[in-house]
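> Next come a sequence and a model predicted from it.
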Amino acid sequence: MNPANPPAEAAVNASAEPRPSNFIRDIILDDLKTNKYAGRVQTRFPPEPNGYLHIGHAKAICLDFGLADEFGGKTNLRFDDTNPSKEETEYVDSIMEDVKWLGFHWDGLFYASDYFDQLHEWAVQLIKAGKAYVDDLSADEIRKYRGTLTEPGKNSPYRDRPVDENLDLFARMKAGEFPDGSRVLRAKIDMASPNLNMRDPVMYRILHASHHRTGDKWCIYPMYDYAHGQSDSLEKITHSMCTLEFEDHRPLYSWFIQQLGIFPSQQIEFDRLNLTYTLLSKRKLLQLVQNKQVSGWDDPRMPTICGIRRRGYTPEAIRNFCGAIGVSKTNGSIELAMLEHFVREDLNRHALRVMAVLRPLKVVIDNYPENQVEEMDAVNNPEEPAAGSRKVPFSRVLYIEQDDFREEPPPKYFRLSPGREVRLRYAYFITCTSVVKNEKGEVVEVHCTYDPATRGGNTPPDGRKVKSTIHWVSAAHAIDVEVRLYDNLFTKEDPGQTEEGKDFTSNLNPNSLEVVSHAKLEPSLAAAPAGSRYQFERLGYFCVDPGSAPGKPVFNRTVALKDAWARVEKKQSGKP
Ligand code: ATP
Ligand code: MG
């Protein structure tokens, strides 16, 4: 694969890699063995279109699509759009784009709102069977009547309304006769159930709100618990995976299906992904967008799929990460460093290497001919021989990183310093002879000599060795680019933990973005296309921001390389 042209939708069906088993796969295997669903595996991914997808959703997507693929099954994409006030078409479009980008293809594309008529019909059926009733209690009263974990609830005074009255009131709720919140339709189950979800849960509420698909047709809307299982059943979903917070809803999920005698979809719960230094909640991410604490849903610091895509993460890396974290029955927290590990691993395999200097220091090679330019051979990707090589221009005046020079080198610092010889990658050995300083005493120019016998960076005939190889660009040929360096969006491992009276935004990292306005880059990348990914040698992985002006690339740092020197320096300085 050429990383400059990443496949937008790499198909990932039928991977040959062996997969470790997990409890969900075991359930499916069991069901196949007992022929529970006539050998079928049908899953769905059911996002609520009230925000952009994040890396937590990627875990669910990989499970829903991955497990179905593995057993030759099918996966639907279903928008769980039962809540009209928070849902928008923008979100629907972004969700489809993100699922495709992750490399998955849905079979059916559905909306829970497609089922409003059927769900309503079933509600009437449950009323007729004496299994549902219209309640006039207010939301507050319903809460009070519900009881607690230790105390049973109380029956509503409206619980034993005759069927005809319920049918009449429900019809009038639907006809728009009553204001929001004045009545609800409830399932008649058991107000003393130890499971609070079974204490006559609300099935329908009145909401005079326009829906993004059904417009003003409805002013009563089904609750998640009533809509979800029946939608699954309508699509003949065999294994309906969701996160653990729905575990206590499972009896209700199954109750509706049983009462209606419809296709027996089954709900299976797994652990929600939590990542350190990250918040995975559409509501909170929306707050950051609305408060302009990030540049948008696709800010490269956001854990949204569109954010990490813009940051340079690859779909392969995300899928590999999701495969490696697996699933379990207890919620925990995964190190952000683990996600970054998978990103690095994938980019290491595929990203082309180039040379860029973020904080330039001028180097003049005094014994190199004034107007000479040599084209040096540079390897594009040592991990992928087929990626070949390119020519990088070398001349008398170069830029190196300020960090790669110290006038007074500390112990164990082997890079350039007065009298020291180092290798310029793919070019020559150079030795520092003198420096030029400004009036503040800062080194602004370094003078060197080069050894022509080391062309290509090779060891000279005398076998002389150097301890360090540094990167460079030719000053006359370099292009000027903006580079954006990102750090964690939050300073706390668990950004949800805050001091009294403060919210999660108090944990935002004020230094999560550093803009380097005038980095110098080798000319081969002048026309690098948006989204293309590279390794800047010794610095990290970077990708071209889609907002770059033509011919003026802006690079986002996807992830740094592991910096061995920073560790040594930290140790020496005694910093934690
Ligand atoms: P959020 O709180 O971010 O809005 P949600 O659970 O309300 O998340 P949905 O749109 O309802 O978001 O989620 C669609 C599917 O993705 C559900 O099956 C849900 O369980 C799953 N999902 C959401 N967040 C995570 C997560 N962090 N880890 C794993 N699965 C998740
Ligand atoms: Mg939700």
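In hand now; what should we look at? Residues are numbered from 1 along each chain as shown. Ligands and ions are numbered 1, 2, ... in the order given.
> Just give me the neighbour total for the closest residue to ligand 1 within the stretch 451-576 of the chain.
Here the residue of the stretch 451-576 of the chain nearest ligand 1 is Gly496; by CB to the nearest ligand atom that distance is 12.0 Å. The C-beta positions use only the backbone N, C-alpha and C, and glycine is treated the same way. As a burial measure, Gly496 scores 13 neighbours (other CB atoms under 10 Å).
> how about the residues of this protein near ligand 1?
46-48, 56-57, 59-60, 242-243, 272-273, 280-282 (CB under 6 Å from any ligand atom).
> now the residue in the stretch 101-250 of the chain positioned nearest to ligand 1, nearest residue through space, not along the chain?
Nearest residue of the stretch 101-250 of the chain to ligand 1, counting by CB to the nearest ligand atom: Thr243, 3.5 Å away. Spatial nearest neighbour of Thr243, chain neighbours left out: Arg272 (4.3 Å); criterion: CB to CB, 6 or more residues apart in numbering.
> distance of the one you found from Ser156?
33 Å (CB to CB, to the nearest Å).
> neighbour count winner among these two?
Taking other CB under 10 Å, Arg272 and Ser156 do not tie; Ser156 has more neighbours (22 against 15).
> wait, doesn't that one sit right on Tyr145?
Yes. In this structure, Ser156 is within contact of Tyr145 by CB atoms under 8 Å, at 5.9 Å.
> which residues are in contact with both of these two?
Leu137 (CB atoms under 8 Å, 6 or more residues apart in numbering).
> neighbours around the residue of the stretch 101-250 of the chain closest to ligand 1, how many?
Around Thr243 there are 15 residues (other CB under 10 Å).
> Kindly report the same for the one 4 residues further on.
By the measure other CB under 10 Å, the count of residues near Glu247 is 14.
> now swap in Pro529 and tell me
13.
> Could you do the one 4 residues further on as well?
Residue neighbour count, defined by other CB under 10 Å, stands at 23 for Arg533.
> Helix or strand: which one has Phe256?
For Phe256, the element it lies in under DSSP states H and E is helix 250-260.
> partner strands of the following helix or strand past that helix, parallel or antiparallel?
Once helix 250-260 ends, the next helix or strand along the chain (criterion: DSSP H and E) is strand 266-270. Neighbouring strands of strand 266-270 in its sheet, by DSSP bridges, are strand 239-243 (parallel).
> The partner strand - what's its average pLDDT?
Strand 239-243 carries an average pLDDT of 98.
> can you pull out the helices in this protein?
23-33, 55-70, 89-101, 116-128, 139-146, 163-174, 224-234, 250-260, 282-290, 305-311, 315-325, 336-350, 564-573 (DSSP state H).
> how about those, which one is nearest Ser506?
The stretch from these with the least distance to Ser506 (CB to CB) is helix 282-290; that distance is 12.5 Å.
> Work out the gap between the closest one and the centre of the chain.
Relative to the centre of its chain, helix 282-290 is centred 15 Å away, using CA atoms, centre = their mean, to the nearest Å.
> Most proximal residue of the protein with respect to ligand 1?
Gly56 (2.2 Å).
> Could you tell me what pLDDT the model assigned to that residue?
For Gly56, pLDDT reads 98.
> With Pro20 instead?
65.
> again with the one 4 residues further on
The predicted local confidence for Ile24 comes out at a pLDDT of 97.
> ok, it touching Leu63?
Yes. Applying CB under 8 Å as the test, Ile24 and Leu63 come out as touching, 6.9 Å apart.
> of these two, who's got more company?
Between Ile24 and Leu63, counted using other CB under 10 Å, the more crowded position is Leu63 (24 against 18).
> isn't the more buried one right up against Phe270?
Yes. Contact status for Leu63 versus Phe270: in contact at 6.8 Å, counting by CB under 8 Å.
> what residues are shared contacts of these two?
Common contact partners of Leu63 and Phe270 (CB under 8 Å, 6+ apart): Ile24, Met241, Val327.
> show me the contacts for Asp248.
Taking CB under 8 Å, 6+ apart as the test, what Asp248 contacts is Asn195, Leu196, Asn197.
> Excluding residues flanking it in the chain, which one is nearest the second one?
Computed as CB to CB, 6+ apart, the closest residue to Leu196 that is not its neighbour in sequence is Arg146, at 6.4 Å.
> One more: Ile470?
Per CB to CB, 6+ apart, closest to Ile470 is Asp404, 4.5 Å.
> Centre of the protein to the edge, which residue is at the far end?
Asp462 (52.5 Å; CA atoms, centre = their mean).
> quick one: pLDDT of that one?
Confidence score, pLDDT, at Asp462: 96.
> distance of Asn509 from Tyr277?
8 Å.
> what sits in contact with each of the two?
Shared contacts of Asn509 and Tyr277, defined by CB under 8 Å, 6+ apart, are found at Asn488, Leu489, Phe490, Thr491.
> Pull the contacting residues for the first one.
Contacts of Asn488 were listed using CB under 8 Å, 6+ apart, and they are Tyr277, Thr278, Leu336, Asn509, Ser512.
> between the residues you listed, which has the most around it?
Compared across those, Thr278 has the highest neighbour count, 23 neighbours, by other CB under 10 Å.
> picking that back up, tally of neighbours for the residue nearest to Leu196?
Neighbours of Arg146 (other CB under 10 Å): 17.
> for the one 5 residues further on, same thing?
Taking other CB under 10 Å as the criterion, the count of residues near Glu151 is 9.
> And the pLDDT at it?
95.
> still on that earlier bit, Leu77 versus the residue of the stretch 451-576 of the chain closest to ligand 1, what's the distance?
Distance of Gly496 to Leu77, given as CB to CB: 29 Å.
> before we move on, the earlier item: looking at the helices of the chain, which one has the lowest mean pLDDT?
Among the helices of the chain, helix 564-573 has the lowest mean pLDDT, at a mean of 60.
> if we can go back for a sec, skipping its backbone neighbours, what lies nearest the residue of the stretch 451-576 of the chain closest to ligand 1 in space?
Leaving aside its chain neighbours, Gly496 sits nearest to Phe504 (5.7 Å; criterion: CB to CB, 6+ apart).
> can you pull the contacts of Leu67?
Applying CB under 8 Å, 6+ apart, the residues near Leu67 are Ile24, Arg25, Ile28, Val41, Thr43, Gly73, His239, Met241.
> domains of the protein?
Domains of the chain are assigned by automatic domain parsing as 7-112+228-339, 117-226, 351-478.
> Give me whichever of those is most buried.
domain 7-112+228-339 (a mean of 19; mean count of other CB atoms under 10 Å).
> hmm, back to that, isn't the residue of the stretch 451-576 of the chain closest to ligand 1 up against Leu279?
Yes. Look at Gly496 against Leu279 with CB under 8 Å: they come within range, at 6.5 Å.
> Now do the shared contacts for those two.
Phe504.
> May I have the distance across stretch 499-511, first residue to last?
Start to finish, the residues bounding stretch 499-511 are 20 Å apart (CA to CA, to the nearest Å).
> Kindly apply the preceding question to stretch 467-478 instead.
End-to-end for stretch 467-478, by CA to CA: 26 Å.
> Which residues outside it are in contact with it?
Stretch 467-478 is contacted from outside by 355-357, 362-363, 373, 392-395, 397-401, 404, 414-416, 422-425, 427, 457, 520-523, 537-539, using CB under 8 Å, 6+ apart.
> just stretch 261-274 next, same as before
The contact list for stretch 261-274 (CB under 8 Å, 6+ apart) reads 24, 27, 55-56, 59, 63, 229-230, 232-234, 236-247, 249-250, 253-254, 257, 280, 325, 327-334.
> before we move on, the earlier item: does the helix holding Phe256 pack against any helices or strands, and if so which?
On a contact count with 3 or more CB pairs under 8 Å, 6 or more residues apart in numbering; DSSP states H and E, helix 250-260 meets helix 116-128, strand 184-187, helix 224-234, strand 266-270.
> In PDB, list the C-alpha atoms belonging to the first one.
If I follow you right, that is helix 116-128. Backbone C-alpha positions of helix 116-128 (Å, rounded to 0.1, in the frame of the first residue of the first chain) are rendered in PDB as follows:
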ATOM      1  CA  PHE A 116     -42.700   4.200  14.300                       C
ATOM      2  CA  ASP A 117     -46.000   2.900  12.800                       C
ATOM      3  CA  GLN A 118     -45.200  -0.700  13.700                       C
ATOM      4  CA  LEU A 119     -44.100   0.200  17.200                       C
ATOM      5  CA  HIS A 120     -47.300   2.200  17.700                       C
ATOM      6  CA  GLU A 121     -49.400  -0.800  16.500                       C
ATOM      7  CA  TRP A 122     -47.600  -3.000  19.000                       C
ATOM      8  CA  ALA A 123     -48.200  -0.600  21.700                       C
ATOM      9  CA  VAL A 124     -52.000  -0.700  21.000                       C
ATOM     10  CA  GLN A 125     -51.700  -4.500  21.000                       C
ATOM     11  CA  LEU A 126     -50.100  -4.400  24.500                       C
ATOM     12  CA  ILE A 127     -52.800  -2.000  25.700                       C
ATOM     13  CA  LYS A 128     -55.500  -4.400  24.400                       C
END
